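**Q** sequence? don't have it. structure:
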């Protein structure tokens with residue numbers, strides 16, 4: 001059975017087929033105040049630099065309800081059409097983008113020092 005594709009033009013459908021990860025970047029009020037835009041800009045630059053542009057889909061979200069830990073970035077590995085193995089990252093700033101891109105998105109290893117623990 002074929003995996004259903006999202007609505008949209010052929011380009012968005014082609015990208016959805018190839019995506020290896022979906023990265024959700026919180027842009028709620030507190031995350032934005034704490035540098036979410038700048039972190040996302042640097043994350044996109046690192047993804048391009050590593051040649052992962054067509055393997056990573058970025059989604060800007062509203063509040064992820066972890067305001068004290070923001071900016072929040074959530075990385076989900078794609079299996080079929082649904083994310084699995086979500087990793088939540090806390091206090092993600094531009095300087096953290098390189099390690100998230102290289103370690104997690106390129107090599108599949110969670111960046112433990114930035115991981116949001118439920119006890120935080």
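**A** Now that the structure is in, tell me what you want to look at. Please read all numbers here as calculations on a predicted model, not as lab measurements. Numbering: from 1, shown residues only.
**Q** Name the residue closest to the centre of the chain, please.
**A** Among the residues of the chain, the one closest to the centroid is residue 23, at 1.9 Å (Cα atoms, centre = their mean).
**Q** Look at that one and tell me its secondary structure.
**A** Here residue 23 is strand, with the state taken from DSSP: H, G, I helix; E, B strand; the rest coil.
**Q** before we move on, what SS does residue 58 have?
**A** Residue 58 - assigned by three-state DSSP - is strand.
**Q** Identify the bridge partners of it.
**A** residue 23 (DSSP bridges).
**Q** Hmm, residue 39 and it touching each other?
**A** No - contact criterion Cβ atoms under 8 Å: residue 58 and residue 39 do not qualify, at 11.4 Å. Where you see a C-beta, it was placed from the backbone N, CA and C, and this is true even at glycine.
**Q** Find the residues that touch each one of the two.
**A** residue 25 (Cβ atoms under 8 Å, 6 or more residues apart in numbering).
**Q** What are the boundaries of the helices in the protein?
**A** 10-18, 29-33, 36-49, 97-99 (DSSP state H).
**Q** And for the closest residue to residue 102 other than its chain neighbours, the neighbour number?
**A** Among residues not flanking residue 102 along the chain, residue 50 sits closest, at 6.6 Å (Cβ to Cβ, 6 or more residues apart in numbering). Counted with other Cβ atoms under 10 Å, the neighbours of residue 50 add up to 15.
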